[in-house]
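Undergrad: structure of the sequence below:
(one chain, ligands or ions: 1)
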Amino acid sequence: MENISQTEILINEVSESYPEKETLVKLLSLDGKEAADVLFKEAYAAKGKYVGKKVYFRGLIEFSNICEKNCYYCGIRRDNKQAHRYQMTEEEAVEAGLWAYESKYGSIVLQAGERTDRAHIDRVERIVQKLMEKSEGKLGITLSLGEQSKETYARWFKAGAKRYLLRIETSSKELYKQLHPPDHVFEERLRCLYDLKDLGYQSGTGVMIGLPGQTAAHLADDLLFFKEYNVDMIGMGPYLQHNQTPLATAFDDFETVKIRNFELTLKMIALARIMLKDVNIAATTAMQAIKPFGREAALLAGANVMMPNITEKKYRGDYKLYENKPCSDEDYDECASCLEGRIKAIGETVGYGEHGDPLHYFRRRG
Ligand code: SF4
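TA: Below is the predicted model of the structure:
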């Protein structure tokens, strides 16, 4: 009981003020189901109060797994010669986006490995323009295409994309260095994040949880970074191993680590909701890769966005940032009705036909 009331005091501190790092570390280190449940319950109440119990779909189109980068944790990194590379045609990408629009998803996410060449930049611009034209400007478009110049971000914004997701992966410069080759520069990632905001994008970031070398103190700093950056959208997922990466042998018993990462991710979602209140938070597919009802657990811990994968089935299996990615074989329709059923089962509804823009974006812009 003592433990529960102490937890409530700490949660109150996170909710009411700019929390101390130490408070966040204590909450991330909560031991025992009872105390963690208090945290999830408070986060769910905050979700109901600030963003409601509606889940917004973003149709996820993974239109290419070709990447210039070489992040040590990623299955589609440049040096993974075993990865089968693909690129959807412009027509296929537009068709998938329009399917989402006609199915009343409200918005989509165009995601791909990072490329900064002219052909890629032009292609993305054309896809966004066509989708805006064919949906009469009504489809919400989010991009998740990595680090780009400010000029490129501006072109894509002008074409019609209004949201951008760029995970910082970790807000610790030292840890970032350990997880990336020397030519991946932390300051450049920050430059991109601030350029996106400056251009008027609804800006999203996030971190991986349970990375080798990562501590509760790092994660507490990540939450404080979200607050400082004044983020609109958050996408966080548990770190999952891929056998064809340099980090494949970082943990001896990954099955146990995986469960720990899952629980930590739920706590991060809950704390982000309590701290940041009106932001959008994704229930990522990586949660379901660990537990069959992982995404529902994320919704009950404060998340309010889901990203059904609408990439054509023939490509989907090749976009493997981590192994055992779920939902690789379902058709679009199966995927949507399965998710709707899961959402209804926890007493929530789907915001069909709505953009589901992060309320925080409008509040911070006044
Ligand atoms: S994490 Fe992103 S940028 Fe890094 S290798 Fe994977 S797809 Fe490329």
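Undergrad: only C-alpha atoms for contact and neighbour calcs from this point on.
TA: OK.
Undergrad: for His84, what are its contacts?
TA: If you count contacts by CA atoms under 8 Å, 6 or more residues apart in numbering, His84 has them with Asp318.
Undergrad: quick check: phi and psi on it?
TA: Per-residue torsions, His84: phi -90, psi 120 (degrees, to the nearest 10).
Undergrad: which parts of the stretch 101-250 of the chain are helices?
TA: Assigned by DSSP state H, counting those that start in this stretch, the helices in the stretch 101-250 of the chain fall at 118-134, 150-159, 173-179, 186-199, 216-229.
Undergrad: for Leu30, see how far away Gly206 is.
TA: Gly206 is 22 Å from Leu30, where distance means CA to CA, to the nearest Å.
Undergrad: which of these two has more residues huddled nearby?
TA: The neighbour comparison of Gly206 against Leu30 (other CA atoms under 10 Å) goes to Gly206, with 24 against 17.
Undergrad: need the helices of the stretch 101-250 of the chain in JSON lines with mean neighbour count, distance to the ligand and mean pLDDT, can you?
TA: Shown next, in JSON lines, are these (neighbours: other CA atoms under 10 Å; distance: least, CA to the nearest ligand atom, whole Å; pLDDT from 0 to 100):
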{"stretch": "helix 118-134", "mean neighbour count": "17", "distance to the ligand": "14", "mean pLDDT": "98"}
{"stretch": "helix 150-159", "mean neighbour count": "18", "distance to the ligand": "16", "mean pLDDT": "98"}
{"stretch": "helix 173-179", "mean neighbour count": "15", "distance to the ligand": "10", "mean pLDDT": "97"}
{"stretch": "helix 186-199", "mean neighbour count": "17", "distance to the ligand": "11", "mean pLDDT": "98"}
{"stretch": "helix 216-229", "mean neighbour count": "19", "distance to the ligand": "18", "mean pLDDT": "98"}
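Undergrad: Lys267: what's it in contact with?
TA: Leu27, Leu28, Ala36, Leu39, Phe40, Ala301.
Undergrad: which one of those residues has the most neighbours?
TA: Ala301 (30 neighbours).
Undergrad: any idea how far that one lies from Lys26?
TA: According to CA to CA, Ala301 and Lys26 sit 18 Å apart.
Undergrad: and Ala220, by the same measure?
TA: As judged by CA to CA, Ala220 and Lys26 stand 9 Å apart.
Undergrad: who touches the lengthiest strand in the chain?
TA: In the chain, taking DSSP state E as the definition, the longest strand is strand 54-64. For strand 54-64, contacts defined as CA under 8 Å, 6+ apart pick out 85-88, 93, 96-97, 100, 105-113, 304-311, 316, 319, 343, 348-352, 354-356.
Undergrad: restricted to strands, list those.
TA: Applying DSSP E to the contacts of strand 54-64, the entries found in strands are Ser107, Ile108, Val109, Leu110, Gln111, Ala112, Val305, Met306, Thr349, Val350.
Undergrad: quick check: residues of the stretch 1-150 of the chain near the ligand?
TA: For the stretch 1-150 of the chain, the residues in contact with the ligand (CA under 6 Å from any ligand atom) are Cys67, Lys69, Asn70, Cys71, Cys74, Ile76, Arg77, Gly113, Glu114.
Undergrad: swap the cut-off to 5 Å and go again
TA: Cys67, Lys69, Asn70, Cys71, Cys74, Arg77, Gly113 (CA under 5 Å from any ligand atom).
Undergrad: excluding its backbone neighbours, what's nearest the fourth one?
TA: This points to Cys71. Once flanking residues are discounted, Cys71 sits nearest to His180: 4.9 Å by CA to CA, 6 or more residues apart in numbering.
Undergrad: for the fifth one, same thing?
TA: Once its chain neighbours are removed from consideration, Cys74 has its nearest residue in Leu321; the separation is 5.0 Å (CA to CA, 6+ apart).
Undergrad: what residues are up against that neighbour?
TA: Cys74, Gly75, Ile76, His242.
Undergrad: looking at the residues you listed, state which has the most neighbours.
TA: Using other CA under 10 Å as the neighbour test, those are led by Ile76, with 28 neighbours.
Undergrad: who touches that residue in this structure?
TA: Neighbouring residues of Ile76 by CA under 8 Å, 6+ apart: Asn65, Ile66, Cys67, Ala83, Gly113, Tyr319, Lys320, Leu321.
Undergrad: count of neighbours near whichever residue of the stretch 101-250 of the chain sits closest to the ligand?
TA: Nearest residue of the stretch 101-250 of the chain to the ligand (CA to the nearest ligand atom) works out as Gly113 at 4.1 Å. Gly113 has 20 neighbours, counted by other CA under 10 Å.
Undergrad: so it makes contact with Cys74?
TA: No. Contact criterion CA atoms under 8 Å: Gly113 and Cys74 do not qualify, at 10.4 Å.
Undergrad: and whatever residue of the stretch 251-366 of the chain ends up closest to the ligand, which of the three is it?
TA: The stretch 251-366 of the chain approaches the ligand most closely through Leu321 (6.3 Å), counting by CA to the nearest ligand atom. Recorded secondary structure, Leu321: coil (DSSP: H, G, I helix; E, B strand; the rest coil).
Undergrad: ok, Arg167 touching Cys192?
TA: No. Between Arg167 and Cys192 there is no contact under CA under 8 Å: 10.6 Å.
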